[in-house]
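**Q** I would like the atomic coordinates for the input below:
(2 chains)
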Amino acid sequence: MRPILAFAAPLRWRLLGAGLLAALTEAAGLGLMATATWLLCTAAGQPPLIALSVAIVVVRTLAIGRGVLRYVERLASHDAVLRMVTEVRARIFAALADRPAAAPALRRGDLLSRMVSDVDAVQDLMVRVLLPMASAGLVGAAAVAAAAFADPLVALVLAVGLLLGGAALPAAAARLAARAGARLAPLRARYAVDTIDLVHGAADLAAYGARDRFEARGAAHAAELAATERELARRAFALDAAATVLSAATAVAVLVTGLARGVDGVWLAALTVAALAAGELSLSLLAAARKGAEIRGSLHRLAELLTAGGSGEPAAEPAGRPVPDGPLTLRLTGASVRYPGAAAPALSDVDLELPPGRHTAIVGPSGSGKSTLLGLLTGALAPDSGRVEADGAPIGEYDAQRWHTAVTGLLADAYLFHASVRDNLLLGRPDATDEELRAACGIAGLGEWVAVHGLDVRVGEDGAELSGGQRQRLALARAVLAEPRVLLLDEPTEGLDPARADAVLAAVRAHRRGRTTVVVTHRLAGLDTFDEVVVLDAGRLQERGTQGWVRAHGG
Amino acid sequence: MVVVARPFDPRLIRYVPSTRAGLAQLGVLGVATAAAVVVAAAALARALAAAVELRLDQPALAVFLLALAARAGLTSALGVVAARMSATVKASLRGDLLGAVGRRGPTWLAGQRAGELATLAGRGLDALDGYFTGYLPQLVLGLTVPVAVLGTLLLTDLPSALIVLVTLPLIPVFGALVGWQTRTATDRQWHRLQLLGGHFLDMVSGLPTLRAFGGARAQVGAVRRMADRHRAATMRTLRLAFLSALVLELVGTISVALVAVPVGLRLLDGRMTLATALLVLLLTPEAYAPLRAAGTRFHASMEGLTTLDQAFTLLAAPSAEPGRTTAPAARPVGLIELRGVTVTFERGDGRRVTALRDVDLVLRPGERVALVGPSGGGKSTLLNVLLGFVVPDRGQVLVDGVDLAGLDLDAWRRRLGWVPQRAHLFAASLADNIALGDPDAPRADVERAARAAALGPVLDALPQGLDTVLGERGHGLSSGERQRLALARAFLRDAPLLLLDEPTARLDAASEQAVVEATASLVRGRTALLVAHRPALLAVATRTLHVDDGRVRPLETQEPVAV
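**A** I've put the predicted structure just below:
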């Protein structure tokens, strides 16, 4: 948790202020009941009215003050914590940006959204766990101090009661909540899979008459989940009851001790009521402890991500060798890649040369290593053995950011941002004019669509508001617009009908005439005009041919 | 989002009758709790009054302890009952929702709705916990405790009772007023907040692309600015939203001041005993506490009620699949005839579209008929009619002269082998996935079916072979392997009639080849209706029909098979 709390350091004054406000709010509530009790007990002795005037003002002030304090405290704490979350988000993003290797693991959508909600756990940690704990601690200490004025033994009794209710019970609640989470999570995950199977597999189940069997299994799992939830709820509520009983017992103990020690009756009555109110704080501490247990996993994952790297500061001066201007020759020599945990290498012993201006097609079934090969060229992957060089130097030695603009294109994980068509295109070349944007769209076969819809239309999250074909062509237009020294296209016409796919590919290649272009595809049509066709299968370079190869192989 | 303003949804009792008993228990416990609250306050007031005179009133203290212990136990019992209601309602609604899929047939769940239902039945209903354990007990106490407090005050101190009586309704009134005001403001902000919050996810999702264009590091500043705008917008909303907390807090505390000061003055005149005065002071805040607690849990409860509303709306949707008689079906499939079959659908926007228009079709035993045509033309609907997933609006499907509408659907489907465009794979072993229709099938048969469907190389590459357990939705298999698994199901079923819906869609060349070969061996000697685009698959058909705009006509031989 330390790496997360480090974010609190620059905000310590704001957070301290929020904590004090929270403590004052609770203290105002406590003080209100204690002062009112003092007021009544004193009034019963029928003193002159003037003896009560201060207490009357205090009661009225605290009554109004508590609400106002609560409001200000809520705003102050949320403001401070949201500032902290801002910084956490920026740092997480920087950490991810600096770690190319981490990206594939995060590609699955659920992991990603989990990470985003993990960031929100920081907010819960501050507002719903640490702040209530700090304010309850302060108020409890203040109540004990006030009791010490009356009598040290009474203070001790109160301190023991508050510690039991404010520390021991919440610790038990946290342990129980953690165990509950550990028991419920697998049951809930299992039931989530059941629902996915029953709903998304409804047609398969009906067609094969397996519906009743799966429904019975789901119902059994749901019943087990419900039984576990009920059992855990019983234990949690038992703790709540214990907290209430403990606070009552503490108040009684304070009263009895005070009487035995001869404390003034009026003050003792006020102290007893305050002890009762302070004991009720332990209920909010139980809630805080439970919340803390609930978000523990999120915070742990975040801390791991944060300690792994990323300073959050803007990129330093470019490091590494500058990418030479002019033509670039890329060469793979005996390059092999094996993903961690994979049985077979994704690429083994591949030799390939990409001299300036050559158009190369890489074909092969899915899983044959085509995208891995592109990953080597972009520098996203490093070979486990062999060399990947540009103009004789390993590409890892070039300045990474410049390399990315020199060798790029439409890669397998191309993403469209939830922004306008223009913004998505400008990512390829930030200084492009509208004419250049339209020209790139024209080459990618999206010219008519852009003419109708314009460049300002938003594309939805990952292009969700576009059809598959439009999405693909927009990503292709962005790659074309980037005008890299070496253009890499991973299945650029996926999702287009064959006629349009051929037309788009021809237009892109005409535009790239004389400049190095690599196209990965599993379609054999239209390949006969490439300068070189490379066939990959199971990570090995099976065949290579020049023009006319495809014709000879009946493609 | 539909906001349900009622604190309790009456449909709950209709769908889950046991909630009526739960509510009754909550009511009884609520009344008992209120009694415990009054007794505890009275006992404590007596003990404190005695303490002021430096007397130890042991019986009063004992009663106070007992009453508070009873109150704690009763509150826990309220929570336990509420938690039990929540668990029961969740389990029951889950069963109903998933059962509804079964009753209404798979076509009821088109696209978006399937995802919504799966989420709702899975994690969505867990939002009910907040409503049941957080809100509902407080709501019950918010009715019983104020009544008990007011009753006691009326008997002991009329002026205080009047103050509480006047200020108490301010909590729901102000709460509703402020809540209503903040809701309109919140709604306005909500869209914006989601845009910004979603933006972070968007940026992170697109990281590989940002990196590919050399821009990832440059975006850190943008993320920080975006998160900062998010904070500013959130704070604007919170400034309003926290007003409700301010009002709820103020009404409670100010009324304590309003009661305490006049009571103090009456004590001064000797018109009241100290025990009574302390009772009034201790009881007054109790009247406000449950309503305030309910108010602070308002948002969590809203989420629960919205979830309930979604569940009930889904359950109330009209049924598409009528009940059936269970006339026995003749064993082998002979002549299948569609006579004037018309199918219409209601689309998401409420418009009715016609998927099939007056289709006549005769399928003779041993025939293998290919269906071609543009997507959306009605090919899949035709298969769905034969599967019994869709009931024709007009016309009949006759199996050996018997109307399909009168057949036992399960028995009929046992004679069908179905290979959909994208089969659902279950989070179970490969063997269980293949033996979906016959869990007791001998191992050897399952293995034979798998090999017939060209899954042999896949099985041999897996250390655990057929016992390999797949992840959620068959995670771990490629699309080609999934299709071969779907074919293996059909092989194992060994059905006389096969319905194949583009088994080679979205496959690369190598996988397509394997699937085409397996399909060809599957349909040999059986009656088959297959939707096909690729020429390789058309070769296995004995004749080809063109389906477009819901109409079916034979394909002229000269006509190109292009789509």
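
**Q** output the lowest mean pLDDT helix or strand found in chain B.
**A** helix B:170-205 (a mean of 62; mean pLDDT, DSSP states H and E).

**Q** give me the next element, helix or strand, following that helix.
**A** helix B:207-212 (DSSP states H and E).

**Q** that following helix near chain A anywhere?
**A** Yes. Counting by CB under 8 Å from any CB of the partner chain, contacts between helix B:207-212 and chain A involve B:Leu207, B:Pro208, B:Thr209, B:Leu210, B:Arg211, B:Ala212. Quick note: C-beta positions are derived from backbone N, CA and C, even for glycine.

**Q** for these, give me JSON lines that also has neighbour count and pLDDT.
**A** As requested, the residues of helix B:207-212 next to chain A are exported to JSON lines (neighbours: other CB atoms under 10 Å in any protein chain shown; pLDDT from 0 to 100):
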{"residue": "B:Leu207", "neighbour count": "24", "pLDDT": "76"}
{"residue": "B:Pro208", "neighbour count": "20", "pLDDT": "74"}
{"residue": "B:Thr209", "neighbour count": "23", "pLDDT": "78"}
{"residue": "B:Leu210", "neighbour count": "23", "pLDDT": "77"}
{"residue": "B:Arg211", "neighbour count": "26", "pLDDT": "74"}
{"residue": "B:Ala212", "neighbour count": "29", "pLDDT": "75"}
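
**Q** tell me which stretches of the stretch 101-250 of chain B form helices.
**A** Per DSSP state H, counting those that start in this stretch, the stretch 101-250 of chain B carries helices over the ranges B:112-121, B:128-129, B:136-156, B:158-167, B:170-205, B:207-212, B:220-268.

**Q** so the third one, near chain A or not?
**A** Same thing as helix B:136-156. No. Judged by CB under 8 Å from any CB, helix B:136-156 stays clear of chain A, getting no closer than 10.1 Å.

**Q** one more: the longest one?
**A** Yes. In terms of CB under 8 Å from any CB, part of helix B:220-268 sits within range of chain A, namely B:220-221, B:223-224, B:227-228, B:230-231, B:234-235, B:238-239, B:242-243, B:245-247, B:249-250, B:253-254, B:256-257, B:260-261, B:263-265, B:267-268.

**Q** buried subset of those as a PyMOL selection?
**A** Those of the residues of helix B:220-268 next to chain A that count as buried under 16 or more other CB atoms under 10 Å in any protein chain shown are selected in PyMOL with:
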select buried, chain B and resi 220+223+224+227+228+230+231+234+238+239+242+243+245+246+247+249+250+253+254+256+257+260+261+263+264+265+267+268
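
**Q** show me where the stretch 251-400 of chain A has strands.
**A** Ranges of strands in the stretch 251-400 of chain A, per DSSP state E, counting those that start in this stretch, are A:330-337, A:347-354, A:359-363, A:385-390, A:393-394.

**Q** CA atoms of the helix or strand that the last one is followed by as CSV?
**A** Which is strand A:393-394. Downstream of strand A:393-394, the next assigned helix or strand under DSSP H and E is helix A:400-406. The C-alpha trace of helix A:400-406 is given here as CSV (Å, rounded to 0.1, in the frame of the first residue of the first chain):
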residue,chain,number,x,y,z
ALA,A,400,12.4,4.0,-29.8
GLN,A,401,10.0,6.9,-30.4
ARG,A,402,11.6,7.8,-33.7
TRP,A,403,11.7,4.2,-34.7
HIS,A,404,7.9,3.9,-34.1
THR,A,405,7.3,6.7,-36.5
ALA,A,406,9.6,5.3,-39.2
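
**Q** for helix A:400-406, list every residue counted as buried.
**A** A:Ala400, A:Gln401, A:Trp403, A:His404, A:Thr405, A:Ala406.
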